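A.B. asks: What would the 3D arrangement of this be:
(one chain, ligands or ions: 1)
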Amino acid sequence: MPATSLDTIVSLCKRRGFVFPSSSVYGGLGSTWDYGPLGVELKNNVKRAWWRSVVHERDDMEGLDAAILMNRLVWKYSGHEATFSDPMTDCRACKTRPRADHVFAAQKGRDPKGLAEINAAIEAKEIACPKCGSKDLTPARPFNLMFRTSVGPVDSGDDSGLVYMRPETAQGIYVNFGNVLDTMRRKLPFGIAQIGKAFRNEITPGNFTFRTREFEQMEIEYFVRPGEDEAAHEAWITERTNWYLKLGMRPENLRVREQEKHELAHYAKRCVDLEYRFPMGWSELEGIANRTDYDLKAHSRSPENPDAVGELKYFDQEQKKHLVPYVIEPSAGADRATLAFLCDAYEDALVKEPPAEETAKLRDLVESFAKSVGRREGMAAEVKQRLVSTAETIAAGLPGTLPQLIGLMEDSEAATIEVMKKVRGVGEKIAEEHTRTVLHLHPRLAPLTVAVFPLKRNDPRLVEMARGLKRDLQRSGVRTVYDDTGAIGKLYRRQDEIGTPWCITVDFQSLEDQTVTVRDRDTMQQERLKAPELAATFAARLT
Ligand code: GAP
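C.D. replies: Prediction:
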């Protein structure tokens, strides 16, 4: 069963060292996360796979790594200083500050056309605070999402040293368009790819690493002749969709959504979102926009931009004239892609049936949990309904639904019901013995590729051979770890849970004929392979 709630993923991530709450020794900092030892490997693999696909495997792309801090004028002429903001309103009754466009959309059933329409609705008392229902709302004001900081040894108190933490990596590409064009002697069409941190003072961050204030983007700006933009846009939509699918994402969890006219950013002619079915619903994974010539023109010297030193344009040898290229922008989030791959790969599976009396005891407890939720006061009706129906389904289907019980035992809302302690007391042990959690990550994404175990850790010959294998595989570029801290079955479980595709066991036969068992994570089948051929075998499986 795949993960049905983000809580399950969050719990796995904390338990197994993928992602930790940031600054936790000081109580944390809301919605900021640190990637742990396995998380950094996974995210690096996602970024590496992206770079390989959009830079190394193509002939029309270059890479770039621009600075995070840029001249403030970049953000003036890109339009971010004036427009990169969310409209916020203050509720005078309960002192909360909701996003006015979201309130308008939720209560009027459509998006507002602009700030003026939102404020007219506030003044006419047509919309109310989503928290307390009061219609005493202040006029909505734009709240800029860019983080400000200053350069220089002293803060002069005015804005003379003001710089922004970039809210997207794209602008670093536009302002380097001329540099890349000249130094790499490129002809249209060609693109520039960049991976890097971006910062936004999001009003409503949340859903784990889905929306945070500091995140990483993987962006492409693809420059084409005007008129060739629509075909290039289509090609990138296909290319980027296939990238997720080739890396194992289930097709039923990925969809292409055309943005409606009123959703389009002011610079976009067309934009398509690739959406993933996260546990909290369909949400944007990547945006692929046709930004026309907006950005290159915005950073070119003109009556509107007297600060730019020159023009960002291209001399077309065929047409013997200068032109300003159009831009197709596939813009993905490294953290969001990592989260989507994790959610997609997750599975809790029943591997053997528990004894009937244990199942009966567990069923009674889950039924009394469902009754207890039903009686609980002060819990939101939809949460109650979700917990009751999940518990009833699980109770009716045990032991087949044991994997679903794992999700319920990790649900933070379920944990507030007293009986859950008893359910966990019995359920965790049964689940531990009869189910396994597996991350079916694509081998190229998995944090570790191979784990090597000696059949017996107190036999120096097995240990020496296993350690030697680990060293040889690692030297040949296959990410490998050695582990001897438990029985083989337990070690398999641990590796399944973090998505390691292959486990090698060195046994007594290995000492005689140099063969080892290689166990496949997904099928749990074992095969006997020759140790000296392992590096070539795994290298072939990773391509
Ligand atoms: N240059 C275009 C641009 O920045 P965007 O839709 O605002 O477009 C592109 O961002 C991608 O960056 C999103 O599809 C998402 O994957 C990621 N992203 C944006 N804001 C994010 C946030 N607050 N937290 C995590 N990822 C974010």
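A.B. asks: Give me every residue in this protein lying close to the ligand.
C.D. replies: For the chain, the contact set with the ligand under CB under 6 Å from any ligand atom comprises 168, 170, 200, 202, 211-212, 215, 217, 219, 284-287, 329, 331-333, 335-336. Every residue, glycine included, has its C-beta placed from N, CA and C.
A.B. asks: Check what pLDDT residue 155 gets.
C.D. replies: The per-residue pLDDT reported for residue 155 equals 67.
A.B. asks: got it, and residue 2?
C.D. replies: pLDDT, residue 2: 68.
A.B. asks: same thing with residue 410?
C.D. replies: Looking at residue 410, its pLDDT stands at 80.
A.B. asks: show me what contacts whichever residue of the stretch 301-450 of the chain sits closest to the ligand?
C.D. replies: Of all residues in the stretch 301-450 of the chain, residue 333 sits closest to the ligand, at 2.4 Å by CB to the nearest ligand atom. Each residue near residue 333 by CB atoms under 8 Å, 6 or more residues apart in numbering is listed here: 215, 216, 217, 218, 285, 286.
A.B. asks: follow-up on the earlier one: from the residues of the chain next to the ligand, list just the buried residues.
C.D. replies: Listed as buried from the residues of the chain next to the ligand are 168, 170, 200, 211-212, 215, 217, 219, 284-287, 329, 331-333, 335-336; burial here means 16 or more other CB atoms under 10 Å.
A.B. asks: Just name the shakiest helix or strand of this protein by mean pLDDT.
C.D. replies: Least confident element among the helices and strands of the chain, by mean pLDDT, DSSP states H and E: helix 402-409 (a mean of 87).
A.B. asks: Name the residues that touch that one?
C.D. replies: For helix 402-409, the external contacting residues (CB under 8 Å, 6+ apart) are 1, 3-5, 7-8, 347-350, 354, 362, 366, 387, 390-391, 393-394, 397-398, 414, 420, 423-424, 427-428, 430-431, 434-435, 437.
A.B. asks: residues touching the residue positioned nearest the centre of the chain, list them.
C.D. replies: For the chain, residue 336 is the residue whose C-alpha lies nearest the centre (CA atoms, centre = their mean; 1.7 Å). Each residue near residue 336 by CB under 8 Å, 6+ apart is listed here: 209, 210, 215, 276, 284, 285, 286.
A.B. asks: could you redo those as CSV and give each row secondary structure and pLDDT?
C.D. replies: Below are those laid out as CSV (DSSP: H, G, I helix; E, B strand; the rest coil; pLDDT from 0 to 100):
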residue, secondary structure, pLDDT
209, coil, 97
210, coil, 97
215, strand, 98
276, strand, 98
284, strand, 97
285, strand, 98
286, strand, 98
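A.B. asks: picking up where we left off before, quick check: phi and psi on the residue of the stretch 301-450 of the chain closest to the ligand?
C.D. replies: Backbone geometry at residue 333, expressed as degrees, to the nearest 10, gives phi -100, psi 130.
A.B. asks: the helices in the stretch 201-350 of the chain, which residues?
C.D. replies: All helices of the stretch 201-350 of the chain, identified by DSSP state H, counting those that start in this stretch, fall at 229-246, 294-298, 334-345.
A.B. asks: could you say what helices and strands the shortest one packs with?
C.D. replies: Helices and strands in packing contact with helix 294-298 are listed as helix 170-174, strand 326-333; criterion 3 or more CB pairs under 8 Å, 6 or more residues apart in numbering; DSSP states H and E.
A.B. asks: Generate a markdown table for those, with mean pLDDT as supplementary columns.
C.D. replies: Converted to a markdown table, the helices and strands packed on helix 294-298 look like this (pLDDT from 0 to 100):
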| stretch | mean pLDDT |
| --- | --- |
| helix 170-174 | 98 |
| strand 326-333 | 98 |
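A.B. asks: Those: which one's closest to residue 298?
C.D. replies: helix 170-174 (8.1 Å; CB to CB).
A.B. asks: Who are the packing partners of that closest one?
C.D. replies: strand 190-199, strand 214-224, helix 294-298, strand 326-333.
A.B. asks: Distance from the chain centre to it, please.
C.D. replies: Helix 170-174 sits 22 Å away from the centroid of its parent chain (CA atoms, centre = their mean, to the nearest Å).
A.B. asks: C-terminal to that helix, what's the next element?
C.D. replies: Following helix 170-174 in sequence order, the next helix or strand is helix 177-184 (DSSP states H and E).
A.B. asks: CA-only coordinates of that next one in PDB, if you can.
C.D. replies: Presented in PDB, the C-alpha positions along helix 177-184 are these (Å, rounded to 0.1, in the frame of the first residue of the first chain):
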ATOM      1  CA  PHE A 177      22.500  35.100 -21.500                       C
ATOM      2  CA  GLY A 178      25.000  37.300 -23.300                       C
ATOM      3  CA  ASN A 179      28.000  35.800 -21.500                       C
ATOM      4  CA  VAL A 180      27.000  32.200 -22.300                       C
ATOM      5  CA  LEU A 181      26.100  33.100 -25.900                       C
ATOM      6  CA  ASP A 182      29.500  34.700 -26.500                       C
ATOM      7  CA  THR A 183      31.800  32.400 -24.700                       C
ATOM      8  CA  MET A 184      30.200  29.100 -25.900                       C
END
